[in-house]
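1. starting from these lines, generate the structure:
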Amino acid sequence: MAIAEKIVTHYSMTGGSLPISGDIACYKYFTSADIAEVFSISGEFIKISNEPNPDAATAC
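-> Okay, here's the model as predicted:
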């Protein structure tokens with residue numbers, strides 16, 4: 001299953017919200033400790049984020 005399919009499936013299964021984090025704004029796939037590929041809730045690639053100390057729960 002491609003990452004876009006996983007994103008769409010997860011978003012659908014959760015209703016777009018997580019109990020602790022709230023509404024899902026985007027998805028981040030970390031390729032290393034400080035680099036993440038950012039995807040929309042529909043699975044489209046948005047950007048590569050290389051912010052120092054990225055927070056996985058931060059909005060896009």
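2. look up phi and psi at Glu37.
-> phi -90, psi 130 (degrees, to the nearest 10).
3. go on, Ser49?
-> Dihedral angles for Ser49 - degrees, to the nearest 10 - are phi -110, psi 130.
4. that one contacts Phe39, doesn't it?
-> No. The pair Ser49 / Phe39 is not scored as a contact, 10.9 Å apart, by C-beta atoms under 8 Å. (Each C-beta comes from the backbone N, C-alpha and C, glycine too.)
5. more neighbours: which of these two?
-> Ranked by neighbour count (other C-beta atoms under 10 Å), Ser49 and Phe39 place Phe39 first, with 20 against 16.
6. so what sits opposite the more buried one in the bridge?
-> Beta-bridge pairing for Phe39 (DSSP bridges): Tyr27, Phe45.
7. and the strands in the protein?
-> Remark: strands assigned in the chain by DSSP state E are 17-18, 22-23, 27-32, 35-39, 45-49.
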